[in-house]
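1. with the input below, show me the fold.
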Amino acid sequence: MKRNRKVKILATLGPSSSDQMTIGRLHKAGADVFRINMSHTSHDKLRDLVTKIRAVEVEHGRPIGILADLQGPKLRVGTFANGPQVLEIGQRFEFHADKIDGDASGVHLPHPEILEALQPGHRLLIDDGKLRMRVLTCDGRNAVTEVEVGGKISDRKGVSLPDTILTTGAMTDKDHADLLAALDAEVDWIALSFVQRAEDVAEVRKIVRGKAGIMSKIEKPQAVDRLEEIMELSDSLMVARGDLGVEMPLEQVPGIQKRITRAARKAGKPVVVATQMLESMIQSPVPTRAEVSDVATAVFEGADAVMLSAESAAGAYPIEAVATMSRVAEEVERNEYYLSILNAQRPDPQQTGADVISSAARQIAETLGLAAIVCFTSSGATGIRASRERPTTPVIALSPNRAMARRLAVVWGLHCVVSDDARNLDDLVDRSCRIAYEEGFGRPGQRVIVTAGVPFGTPGATNLLRIAFIGADGLSGI
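-> Coordinates of the predicted model:
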């Protein structure tokens, strides 16, 4: 299945999209990677969904990526004895370590790690930011706050901490169990929620041990402040704009999205833009004009992928949402300004032979009008380097590693094909020409450019560049 766009689409599975037929239709409509939200998925359901996705993969003959999104710590207030309470601006409100029945003066906070970390001046946002308090004093067991934005507070509402760094990691006991189940099911990506520090990523990396890629969700101000160090330990990033928009001023989110997208491309790390991209399509068969512009902005910016959440998981029009997103992306990539925007952001190649080879391959392919860039990639590094260049020429990523081909399904512009490792240089060139022909990227008489690492099977050692003709039989010509 050959896509007519370079940007990839992630679709979240849920009640509206859990049967194999619908998953197949979502893939055909444009979904390249499927997200499984572990906040709402049991381990049995996880295994069931993975089995169905793999069956669709076999049916369509394309590597499909699977992302398991860990829930992360859910911070909530306790309960109120007499129902919801209304808090007024300027009043005092306390949070207690002791289990008390909540009232208009205070409530139990069942998270000692919060009370240990709060300091005067820190903000607490309740119920997705509908209420805001600022800490006056905190002794480690009781925090006295002043209400800055009032309103109704009720049982188990969520707590956000835009100024506070928690000493506990980003993984709960549930996340740890879900992570092990996801690795056992052989998913391709693990999304880590509410990352605050590089140590949060390092903790997960010790468990994953290369069995899956780690995608850090940037959704807290603390993560934005530590973006570079978090990115260094991550395999990919997600701009999770929902929680980011709660904990930071909304007007700052678009600029942060651009910063993360450009930093990730420079570092050669895939980046996904997520949350409320086509939100109205949960209930409507068509999106708003603003939503279309939002998706288009992410594509113009050069994001590797855009994501649907409730639109495909619980909406009334999951297939239409994916198809709409795909059409918008295709139209943007045909736009006269698209290439100039991407080219203006192209980072200089790093001072390595592999980066120089990838940069040269793009320039040669575009100058000579070649049919495709074919890169052999075992570790995925060669494919990601080719994608980082954002070439106009199609990129075919051949990998003997099926798991890596699936993981690369999230990467901009890569058409992934599982292929045996090349036996020698002639086999490498023949295989490249044949697959470019069979996959519909080249015709007899056209040329492709091949990049690989020699000796074969050496991860990350891209050091070979070769131009070859596609012969009449699909093999290499002169």
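2. from here on, just use CA atoms for contacts and neighbour counts.
-> OK.
3. hey, what's the closest residue to Lys8 other than its chain neighbours bridged with?
-> Using C-alpha to C-alpha, 6 or more residues apart in numbering and skipping the chain neighbours, the partner closest in space to Lys8 is Ala305 (4.3 Å). Taking DSSP bridges as the rule, Ala305 bridges to Lys8, Val272.
4. now do the phi/psi pair for the closest residue to Ser16 other than its chain neighbours.
-> Using C-alpha to C-alpha, 6+ apart and skipping the chain neighbours, the partner closest in space to Ser16 is Ala314 (4.9 Å). Main-chain torsions, Ala314, degrees, to the nearest 10: phi -130, psi 0.
5. would you map out the domains in the chain?
-> Following automatic domain parsing, the chain resolves into domains at 8-72+170-338, 85-160, 353-469.
6. using a markdown table, lay out those together with mean neighbour count.
-> Rendered in a markdown table, the data for the domains of the chain read as follows (neighbours: other C-alpha atoms under 10 Å):
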| stretch | mean neighbour count |
| --- | --- |
| domain 8-72+170-338 | 20 |
| domain 85-160 | 18 |
| domain 353-469 | 21 |
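7. just put those domains in CSV and tack on distance to Lys2.
-> Supplementary listing: the domains of the chain in CSV, determined by distance: least, C-alpha to C-alpha, whole Å:
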stretch, distance to Lys2
domain 8-72+170-338, 9
domain 85-160, 41
domain 353-469, 7
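8. next, format these as CSV and append mean pLDDT.
-> As requested, the domains of the chain are exported to CSV (pLDDT from 0 to 100):
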stretch, mean pLDDT
domain 8-72+170-338, 97
domain 85-160, 96
domain 353-469, 91
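9. of all the ones you listed, which lies closest to Ala344?
-> With C-alpha to C-alpha, the closest approach to Ala344 among these belongs to domain 8-72+170-338: 10.1 Å.
10. list the contacts of Ser193.
-> By C-alpha atoms under 8 Å, 6 or more residues apart in numbering, the residues touching Ser193 are Asp69, Leu70, Gln71, Gly72, Pro73, Ala170, Ser216, Lys217, Ile218, Glu219.
11. just these now: which is nearest Leu125?
-> Taking C-alpha to C-alpha as the measure, Leu125 lies nearest Glu219 of the contacts of Ser193, at 14.4 Å.
12. tell me if I'm right that the closest one and Leu244 touch.
-> Yes: using C-alpha atoms under 8 Å, Glu219 is in contact with Leu244, at 4.3 Å.
13. nearest to Gly78, out of the domains of the chain?
-> domain 85-160 (5.0 Å).
14. what is the end-to-end distance of that closest one?
-> 19 Å (C-alpha to C-alpha, to the nearest Å).
15. can you check stretch 274-283 too?
-> Stretch 274-283 has an end-to-end distance of 19 Å (C-alpha to C-alpha).
16. ramachandran angles for Ala397?
-> The phi/psi pair for Ala397 (degrees, to the nearest 10) is phi -100, psi 110.
17. where along the stretch 151-300 of the chain do the strands fall?
-> Here the stretch 151-300 of the chain has its strands, by DSSP state E, counting those that start in this stretch, at 151-153, 159-160, 189-192, 213-218, 236-240, 271-274.
18. ok, now the stretch 351-478 of the chain?
-> 372-376, 395-399, 414-418, 447-453, 462-469.
19. please name whichever of those strands is nearest to His111.
-> Nearest to His111, of all these, is strand 414-418, at 43.9 Å by C-alpha to C-alpha.
20. who are the contact partners of Ser326?
-> Arg5, Ile9, Ala29, Gly30.
21. that's a strand at it, yeah?
-> No: with DSSP: H, G, I helix; E, B strand; the rest coil as the criterion, Ser326 is assigned helix and is not in a strand.
22. and the gap between it and Ala11?
-> Ser326 is 11 Å from Ala11, by C-alpha to C-alpha.
23. which strands and helices sit next to whichever helix or strand Ile66 is part of?
-> In the assignment (DSSP states H and E), Ile66 maps to strand 65-69. Judged by 3 or more C-alpha pairs under 8 Å, 6 or more residues apart in numbering; DSSP states H and E, the packing partners of strand 65-69 are strand 33-37, strand 189-192, helix 402-407.
24. could I get the ones you listed in CSV, plus columns for distance to Ile467?
-> Conversion of those to CSV gives the following (distance: least, C-alpha to C-alpha, whole Å):
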stretch, distance to Ile467
strand 33-37, 32
strand 189-192, 34
helix 402-407, 23
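25. out of those, nearest to Arg156?
-> Smallest distance to Arg156 across those (C-alpha to C-alpha): 20.9 Å, for strand 33-37.
26. now the angle from the closest one to strand 65-69?
-> 20 degrees (axes from the mean of the first three to the mean of the last three C-alpha atoms, to 10 degrees).
27. tell me the strands beside strand 33-37, with direction?
-> Paired neighbours of strand 33-37 in the sheet (DSSP bridges): strand 8-13 (parallel), strand 65-69 (parallel).
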